[in-house]
Every structure is written in structure tokens, then in C-alpha cells.
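Chemist: the following comprises the amino acid sequence and a computationally predicted model.
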Amino acid sequence: MERLIFLIVCLGAFAFFFKNIFRLVATICLGRAENRFDNLWSRCGSMFAYGFGQLRVIQKKFGYNHYFLFWGFMTLVLVNFEFLLNGIFPEFSLDFMGVLYVLLKFAADIMSLVVLGCVVLAIARRLFFRPYFIDQTADAFFILCMVGALMIAYFGQHACEIKLGHLEGGMKMPIAWALSNFFSAESAGSLARVFWWIHALVLLFFMNYLPYSKHLHVLTAIPNCFFRSKDMVATVPRLQFKKGEEFGISKVIQFRWKDLLDFMSCTECGRCQEVCPASNTQKTLNPKEMVHQGKVNLFTNSKAVFATRPADMLAPAPKDARMSVPLINGSDKSVSRKAIWDCTTCGACMQVCPVFIEHAPKIVQMRQHLVMEKAEFPEELIALFENSEQRSNPWGIAPSDRAKWAAELNVPMITEGVQAEYLFYVGCAGAFDSRARQVTTALTKILNAAGVSWGILGNEEKCCGDSVRRLGNEYVFDKMAQANIEQLKKYGIKKIITYCPHCYTTLKNDYRQFGADFEVMHHSELISSLIAAGKISPATDSAGRVVIHDSCYLGRYNNIYEQPRAVIKACSGGRAPAEMERCREKSFCCGAGGGRMWMEELDGKRIYLERTQEALRAAPDTIAVACPYCLTMYEDGVKDEKASDRVKVKDIAEIVAASIS
Amino acid sequence: MHIVVCVKMVPDTTQVSIDPVTNTLIRDGVPFITNPYDTNAVEEAIRFKDKYGAFVTAVSMGPPNAESVLRKAVSIGTDRAILLSDRAFGGADTLATSTVLGLAIKKLNEEQPVDIVLCGKQTIDGDTAQVGPGIARRMNITQLTLVDEVISVNTEKKTIRVRRKLENYHEIIETKLPVMMTVEREINTPRYPTVPGRLHSDEVRVEVWSNAQLKLDTATIGLPGSPTQVRRIFAPEREQGEIMMGEGPDCSKAVEAFFEKLLDRDIVHV
Ligand SMILES: Cc1cc2nc3c(=O)[nH]c(=O)nc-3n(C[C@H](O)[C@H](O)[C@H](O)COP(=O)(O)OP(=O)(O)OC[C@H]3O[C@@H](n4cnc5c(N)ncnc54)[C@H](O)[C@@H]3O)c2cc1C
Ligand code: SF4
Ligand code: SF4
């Protein structure tokens, strides 16, 4: 009788569970197509390293708590499998596994205690030393209590069974065995089944509660690691501009399926919020919230789509599907416009997210909708968009002034037939911004001193379109990219040196989507290799104590951390530069990326100020940068902090040029 | 309501220079743009469309490639685009230009009565600000120049109330439609075209009217119809400035002397 009841309960629970799983899969399938089934081996590698290995989780100390919880769980999954089958077929046991089985039971016994400890720690953390980026939700406590209850019931049941002699105790299950001493023979007899049932019911309930809670990630996180983007920082997909299409994303179902899986995979760990420059300076944007809003928006709107079609259908939502809640602005289930414009696309969130959620491309695609479908954006961007399109530079300066900086420098012009190995792609800042032009000049000196074969495109050089793309104006970017590639190919350009990391990543990574395949080098890469090869030998140490800043588009986007450090080291008599508290992968944005360079920063603390203050805490004589935007931002920050007389902001090229006399 | 807006294609003058030897404009490689004032005129026309459901026709006189400025106008909502293009129209001054534009708008008026003709205040190349008033004269309608705000339109009584920006004051005028209006840049901020708008404008058919349609006497148009003749183009000499130095820590003397100079040259008034 008991078995029959259990069989019914169990079948019911599993039926409900699989129905929910099917529903989740169907929800993910609502998104647009994208191929994430390439490179299966390396995907498996990611899954093992980051899903099972929890490599990102344990990058923070408290992550070890999760690590043990996770592995406790993995062990218990097997044991619970046996437990459930055993409830239906009392003869069933995994003991055919032999020694492994003994080991498994032993591990389960130990791991249950570990999990219990982790649960207590996690509860205590949420109650007494909760970091600001973790929300205190009832859901979290409920889940933790459920896990705790499972462990207690597990021990209770096994202790009783040891007492009753059904199980062998001793060192094979040391903890349950120790606990068995607390029970008398009669109490064990009556309690064994009680514990068993508590365990069974909590387990089945837990399994079915998962999809409704933030612990949905238990099911989705591992696949999400498998399907992660293979680019350093994912960019937006290229669009086809055909009449009748919608451009950008205003409905949650317009995301690609992996984005929808992302929404479901968030663990609400808050790590993205902890590192986000916008969240850190009291802006509206909080990447964790954005992902959560995406999730509730998806679940609300998917109901409406499912209601219009057969229940067993797995297919993208129809293009004209009506949404009950808007994705952008409208309710607490939507992402606010303000948040969308706050992002600097610095990629810090994506660097720390333990489950590889891709925040920035989602934000950019929502911008695309606002810009391309609605023409609604902060008004200061109108000038940027028009200048970029009409004059191919953000300031709208006459293109005929582009090569003015080169007038007295005798710069080789590829446009005038000079044959050169490298094109020095100067970039708009390097060509027009008076401060950045000093860096351009410094780099010119280095190239000549090292005997590099180089040249420029003079007035014919065009803007790469970085800001325009990050701001969601894909239509104009698309035209700029095509025109640029065509021109570069016309001059037979194969190798390109850039000074600006934004040009760098745009030419190197974004243009790949447009069929370009240039060998692009950032000046930090080139200079460090010139120094290594002895082509230039920096002598004098002019910069004093140098603190280094990692640009987002160089570091996180392209993994360039060592080269600028090597360059500074060579110019500082072998001394490595000082580091800021947040450096390398954890570097904090200067505030100018993602097109924010061209926008007002009205809310909260200025990002550049937050970062400059951090740099100044390292007591430098020089703040070294490798990006024209960072240069502007730090110079503003140093001025605001009234430190201009004691601290200089210099590009690494300037430091080198000064030390090769 | 039918609005006709006049747009001119101009060289991006920030990029034009004058050859010091030949005293001619160096226009090589200089891109053409919509006359900036005309972008405000188009925007104002589209606002009439948004508010009163007006039908908007854009007209431009110029060479075949002037089609591009019409497409821009279409990309933000203009309903019909007409390019007045004929070799016979070439070399026109303001008089001949307004003759052609005036007649074309009269023809449009016959098809569907025109309530408002919108022009930019002036162009950035010719800079004369005469074409708008010239059109009004030829159509024999009221002209409202230098408008920086449309206050109201009464569609029943067919009246319009606008504010004009004059040198030292504003003037509010109410008058009967139809009118010709030239607009200041302050009147609005032109909207940015959406991508569906642009894709639509790429495909739209721009009507080209030549003199075969307008049938104007060739002596009244183009070079022959232009009494204005350009004698010489030159960059004005710029008077060299001067550097004034103060002495000692007290700057008040230097400031005083500085203002004396400004007053002398009529740059500031007391
Ligand atoms: C000194 C001088 C030199 C000139 N030199 C030349 C020359 O070398 N070659 C030459 O071809 N022409 C020349 N012109 C003619 C002149 O440049 C224009 O073609 C024409 O007269 C319009 O005048 P504007 O540009 O001053 O327009 P404005 O009167 O300043 O324009 C006011 C508004 O009228 C409308 N408008 C003006 N022109 C047009 C148009 N073509 N189509 C539609 N709408 C329009 C626009 O809405 C504009 O904002 C010259 C004129 C002058 C006075
Ligand atoms: S990319 Fe940077 S600014 Fe944007 S959400 Fe992520 S951390 Fe925040
Ligand atoms: S998006 Fe990633 S980093 Fe942010 S809260 Fe969710 S899981 Fe954590």
C-alpha cells in the first residue's frame, strides 16, 4: 500500500517535472536561431571546467561554499536515484557496483554533512554578513531550508536504519553511524519511515520547485556553460537590412535562443552588479536586474505565445507575436531605457559571470531598436550619428583636416603610392583630438626609430564606427564597415597598426563579420615586440612611478595585458608598473566605452572620477594608458582632483618616445 | 492640408575652400548635404503632418544628384518628392530660381491646394535668403520670414499664428493661409531617420520635372534669366588680431584697456 502511494506520488511528480522541462525547452526555442553547436569538443571542455569544475564560481572565496554544495549535490543525485527506485522496487540497489558502491555511500554520508554545513554558512551569510549585491529573498531561504531538511532527513533515516541493523554502519557511513546512537531501537523503528517519507516528499517537491525559483540555474547553468560564446566578449550579430524587417530588439522573443537560456541561467549571485561601473556609480543600470527582468518578461510573454499554438510545438515565436509586457520601459518586468543607455559595454559583467551570461550584446541590441526603429535616443547623440555618417568622424570636423597632424612630420602616404608593410590606422581621436595627436606624433617617432615600414591613408582614412555600433546604430555602422573594408582592400592593406583599442577591436573582430581578415596590431603589441627584438632600446626613465590602467577593449576584449606592462617595464629600468586595486581582467572602465564618450553623465558619481581616485590611491607620478578615450577621462579626473601638477597622464607610446630621446 | 517644402542640395561648406590663385571654389571631393536650414523646414512640415495629417511634398531644383536630399526628406516622412532638373535651369540666380520653384508649386497647387510653403531662412552657399520671398511673390501669397515658432494653426478658420525672430525683438503674427514661411534653425530639432524610413526612401520614386513639363520661357530661367552675375569670388582678408599684455598682479587696467578697444570698434555697446 505504502509502495503504491509512493509510486503514484513519484509518477505524478516526475510527470509534472518533465512537463515543466518541456515547457522550458519550448520557451528557449521561442528565440531566434543561432548556431551554438560548433566546436563541440571545446564546448565540452568549457562545460567541464566551468560547469562541473566551477572555475569561475571559485574565483571568489565564498564560491568554495557553492563548490562543495554543488559537488555534495552531484554525489547525492546518484544516491537519490537509488533512493527513489528503491521506494518503488524495494529489491533495487546499486550494490552491483561493488567497491564503488561502498565508496559512494561513504561519500554521500560525508557530503551530506558538508552540504549541511554549507547551507548553514549560506544562511548565516545572508542573515549576518550579506554583501550588498546579494538580495535577501524569501526564495533563497526557502530553498536553503529545503536542502537542509533533505540532509537532516537523510541522516535521520540512515541513522535509524543502522540502529535497526538494516544497514551496516561503522566507518562505511561514519556520520549516520555516530548519529544512530541518539536513537533507541523503538524510536528508530517508528522514525525510520517518517524520515524516509520526509526525504522522499521534500526531494520530489524540491525538484518541482526548481523551475519556479532562482534555482532554475541548477538545471540551466551547465548547458549555459556549454553553449557559451567563443568570442572574448560577444558582439552583436550582423543584420540584413531588408524592407519589412524589424531592426534591434523590442520584444523578448526577438533575442536568440541562447539569450533566452541566459535569462534562465542567472544565479542572482550579484557578481556582475559588484563589478559594473554603472551600478558602482549609482546609475539605473544593474546587469543582474536586467537579466532578471529579461527572465520574468520572457516567462510572462511566453504564456501568451503558447496560448496561440499547439502545446507540443518547439519553434521560434512568430514574428508578429503580441507581447503582453513590453521589453523596454513599461513595468517592473521591463528594462528601463535609462539602464539601456547607461552601459559602457566594458564587459566586466561578462568576465565574472559564473555561468557566462552575455549582458552587453543584449543591451546593444535593445539600443538598436531605440535608434533604428524609434529614433529615440539621448539628443546629444544626433550630432555624433550625423557627423559619423557625413564626415566620418565623431566631431564633424572636415575630413580634409584629417591628416593635418602629419603636415610637418614627413609621414609616408600609402594613398600617394608609398609601399609599406604596415598601415598605421590613426583613428579619429589620434587624428583630430589635440591631446591624442601628441600620442600619434610619439608613435610616429617610435615607428621611424625602429625602422618599421609604415604609412597612413591621410585624409582618406575613415572612422571605424566603433561608437556608432555600440550605440546601436547598426545601419550606419554597416555602411561604414563596408566602405572601410573596401577601401583598405583597394590599397592592398594586410597589416594594420592601431593606437586606439576601439579601432583595434572593431577592425580585428567586428569587421570579421563583414568578411575582413586583416592582421591588426595594437601599438602596445608592436612596441613590446620592437623592444623585445632590440629594434628600440628605451634608456631614460622619465615617467617615475607608473600606475597602469587596462582598457576594457584591450584587456577583456582582446586579452592584451602583458604587452603594455612589458613596455612600461622596459622604460622604467626593469621595474614593473604599479597596479590598481582593480586591474587586468577586473579592471574598472574609464567610463567612455560603448559610446558613453559622447553622452552626458547625469546620474550619480562620474565613472572617470571613481577610477581616477583609484589610480591616485596608488600614489603614481604617471598614470599610463593605451587608449585615447582613457587618456581624456583620466586627464579630466586628474584635473577634477586637482592633481595635475603632480600626476601626469601618458599613453605608453609617449613614455617610450620620451625614453628613446 | 498640403505643405510644400523646398530643399536645396549644397556643398558642405565647412569643407569648401577658395583657391587663392584662381579665386574659384575648390569643390573637389566635397560632399553634398541638405542645406541645414532646410532640414528644419522639412522637420516642421513633418510636424504638421504628425499634428494635422498634412500631406507633404518636397521640391528641389538642382542637378540629378540632388535627388539625394529629397530621399532624405522622404526618409523622415515626406510623402512626395519632386526634382526640378533641366540643363535650362542651370546657372540660375535667386530670381530665376524662384521663377522655376514658384511655377512648380503653382502646378502642385492646381493638383491639391497648397496651404503652406516652407523654406529655410537661407542657404549656406548662396546665403541670400531671397528665394523664399521670391516664391511668395510669384505665387502671390503672404510671406512669413524668419519664423522661429509656429504658435498655432486654426484648420477651420484657416489661419496661422507664428513668432518671427528679428534682430532685437520677436514679432507675433497671425494671418490667413496660404502662406510662405522661411524658418530659423531654432524652430525645431530635426528628427533622426529610422531605418525603415531610410529603406522606404531608397525605393521611393522621385519625380523629375524638366522644362518640358513647366514650359517656362527659357529667357526667364537659368543663366539667361539671371540678372545677377558673379564677378569675382574671394576670401575676405582677415584683419590681424593683437595680443594685449597686462602688467603686474592687478589685471583691472588691462581689462579696462581691453574694453576701451571693444567700444572703439563698436563690438560692444554701453
Ligand atoms: C553672389 C551669387 C553668386 C552665385 N553664384 C552661382 C554660381 O556660381 N553658380 C550657380 O549655379 N549659381 C550661383 N548663384 C545662384 C545661387 O547660388 C542659387 O543657386 C540660388 O539663387 C538660390 O539662392 P540661395 O542659395 O541664396 O538661396 P536662399 O534664398 O538663401 O534660400 C532660401 C531657401 O529657398 C529654398 N531654395 C533655394 N534654392 C533652392 C533650390 N534650388 N531648390 C529648392 N529650394 C531652394 C530653400 O528652402 C532655401 O533654404 C549665385 C548667386 C549669388 C547671389
Ligand atoms: S558591460 Fe560594463 S557597464 Fe555594461 S552592464 Fe556590463 S559591467 Fe555594466
Ligand atoms: S548575470 Fe551572472 S553574474 Fe550576474 S547575477 Fe546572474 S549569474 Fe551572477
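Modeler: Nice, I can see it. Numbers count the residues shown, from 1 in each chain, chains lettered A, B, ... in the order given. Ligands and ions are numbered 1, 2, ... in the order given.

Chemist: chain A contacts on the stretch 1-150 of chain B?
Modeler: In this structure, the stretch 1-150 of chain B approaches chain A at residues B:Asp12, B:Thr14, B:Gln15, B:Ser17, B:Gly29, B:Pro31, B:Ile33, judged by Cβ under 8 Å from any Cβ of the partner chain. Yep, even glycine has a C-beta here, placed from its N, CA and C like the rest.

Chemist: switch those residues over to JSON lines; also include pLDDT and secondary structure.
Modeler: Compiled in JSON lines, those are given as follows (pLDDT from 0 to 100; DSSP: H, G, I helix; E, B strand; the rest coil):
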{"residue": "B:Asp12", "pLDDT": "85", "secondary structure": "coil"}
{"residue": "B:Thr14", "pLDDT": "73", "secondary structure": "helix"}
{"residue": "B:Gln15", "pLDDT": "71", "secondary structure": "helix"}
{"residue": "B:Ser17", "pLDDT": "75", "secondary structure": "strand"}
{"residue": "B:Gly29", "pLDDT": "72", "secondary structure": "coil"}
{"residue": "B:Pro31", "pLDDT": "84", "secondary structure": "coil"}
{"residue": "B:Ile33", "pLDDT": "92", "secondary structure": "strand"}
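
Chemist: from those residues, which would you call buried?
Modeler: With burial judged by 16 or more other Cβ atoms under 10 Å in any protein chain shown, the buried subset of the residues of the stretch 1-150 of chain B next to chain A is B:Asp12, B:Thr14, B:Gln15, B:Ile33.

Chemist: any idea which of those residues is the one closest to ligand 3?
Modeler: B:Ile33 (44.3 Å; Cβ to the nearest ligand atom).

Chemist: list the contacts for that closest one?
Modeler: By Cβ atoms under 8 Å, 6 or more residues apart in numbering or on different chains, the residues touching B:Ile33 are A:Gln390, B:Met9, B:Val10, B:Pro11, B:Asp12, B:Val69.

Chemist: and the two most separated of the residues of the stretch 1-150 of chain B next to chain A?
Modeler: Spatial extent of the residues of the stretch 1-150 of chain B next to chain A (Cβ to Cβ) is set by the pair B:Ser17 and B:Ile33 at 16.4 Å.

Chemist: rewinding a little: hmm, which of the contacts of B:Ile33 is lowest in pLDDT?
Modeler: Lowest pLDDT of these: B:Asp12, 85.

Chemist: so that residue touches A:Gln390, yeah?
Modeler: Yes. With contact defined as Cβ atoms under 8 Å, B:Asp12 counts as touching A:Gln390 (7.2 Å).

Chemist: tell me the residues that contact both of the two, please.
Modeler: Contact criterion Cβ under 8 Å, 6+ apart; residues shared by B:Asp12 and A:Gln390: B:Pro31, B:Ile33.

Chemist: so where do the helices sit in the stretch 151-270 of chain B?
Modeler: Ranges of helices within the stretch 151-270 of chain B are B:195-203, B:211-214, B:252-264, based on DSSP state H, counting those that start in this stretch.

Chemist: what does the stretch 151-300 of chain A put close to ligand 3?
Modeler: Applying Cβ under 6 Å from any ligand atom, one finds that the stretch 151-300 of chain A approaches ligand 3 through A:Cys266, A:Thr267, A:Glu268, A:Cys269, A:Gly270, A:Arg271, A:Cys272, A:Pro287, A:Lys288, A:Val291.

Chemist: what about the second one, neighbour count?
Modeler: Just to be clear, that refers to A:Thr267. Here the count is done by other Cβ atoms under 10 Å in any protein chain shown, and A:Thr267 has 21 residues near it.

Chemist: can you tell if the helix or strand of chain B with the lowest mean pLDDT touches ligand 1?
Modeler: Sorting the helices and strands of chain B by mean pLDDT, DSSP states H and E puts strand B:25-26 at the bottom, at a mean of 72. No. Remark: strand B:25-26 sits outside contact range of ligand 1, by Cβ under 6 Å from any ligand atom, the gap being at least 7.9 Å.

Chemist: report all helices and strands that that strand contacts.
Modeler: Counting contacts by 3 or more Cβ pairs under 8 Å, 6 or more residues apart in numbering or on different chains; DSSP states H and E, strand B:25-26 is packed against strand B:17-18.

Chemist: other SSEs contacting the strand it packs on?
Modeler: strand B:25-26.

Chemist: direction included, what does the strand it packs on pair up with?
Modeler: Partner strands and pairing direction for strand B:25-26 (DSSP bridges) are strand B:17-18 (antiparallel).

Chemist: so what touches the partner strand?
Modeler: With contact meaning Cβ under 8 Å, 6+ apart, strand B:17-18 is reached by A:Ser400, B:Thr24, B:Leu25, B:Ile26, B:Ile233, B:Phe234, B:Ala235.

Chemist: just the buried residues from these, in ChimeraX please.
Modeler: In ChimeraX, a selection of the buried entries from those looks like this (16+ other Cβ under 10 Å):
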select /A:400
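
Chemist: which neighbouring elements make contact with the helix or strand where A:Arg565 lies?
Modeler: A:Arg565 belongs to helix A:562-571 when assigned by DSSP states H and E. Here helix A:562-571 touches helix A:523-532, strand A:546-548, helix A:652-659, going by 3+ Cβ pairs under 8 Å, 6+ apart.

Chemist: any chance of the ones you listed in CSV, plus mean neighbour count?
Modeler: Formatted as CSV, the helices and strands packed on helix A:562-571 follow (neighbours: other Cβ atoms under 10 Å in any protein chain shown):
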stretch, mean neighbour count
helix A:523-532, 23
strand A:546-548, 25
helix A:652-659, 24
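
Chemist: can I get those in TSV including distance to ligand 2?
Modeler: Converted to TSV, those look like this (distance: least, Cβ to the nearest ligand atom, whole Å):
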stretch	distance to ligand 2
helix A:523-532	22
strand A:546-548	20
helix A:652-659	24
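
Chemist: list the contacts for the residue nearest to A:Ala543 when sequence neighbours are not counted?
Modeler: Nearest residue to A:Ala543 in three dimensions, chain neighbours excluded: A:Thr622, at 4.2 Å (Cβ to Cβ, 6 or more residues apart in numbering or on different chains). By Cβ under 8 Å, 6+ apart, A:Thr622 lies in contact with A:Ala543, A:Gly544, A:Arg545, A:Val546, A:Val547, A:Val647, A:Lys648, A:Val649, A:Lys650, A:Ile655.

Chemist: now with 6 Å?
Modeler: By Cβ atoms under 6 Å, 6 or more residues apart in numbering or on different chains, the contact set of A:Thr622 is A:Ala543, A:Gly544, A:Val546, A:Lys648, A:Lys650.

Chemist: could you chop chain B up by domain?
Modeler: As recorded under automatic domain parsing, the domains making up chain B are B:2-220, B:239-270.

Chemist: out of those domains, which is closest to ligand 3?
Modeler: Nearest of the domains of chain B to ligand 3, taken as Cβ to the nearest ligand atom: domain B:2-220 at 30.0 Å.

Chemist: burial of residue 8, as a residue count?
Modeler: Answering for chain A, as no chain was given. Residues near A:Ile8, counting by other Cβ under 10 Å, number 10.

Chemist: my question was about chain B
Modeler: B:Lys8 has 23 neighbours, counted by other Cβ under 10 Å.
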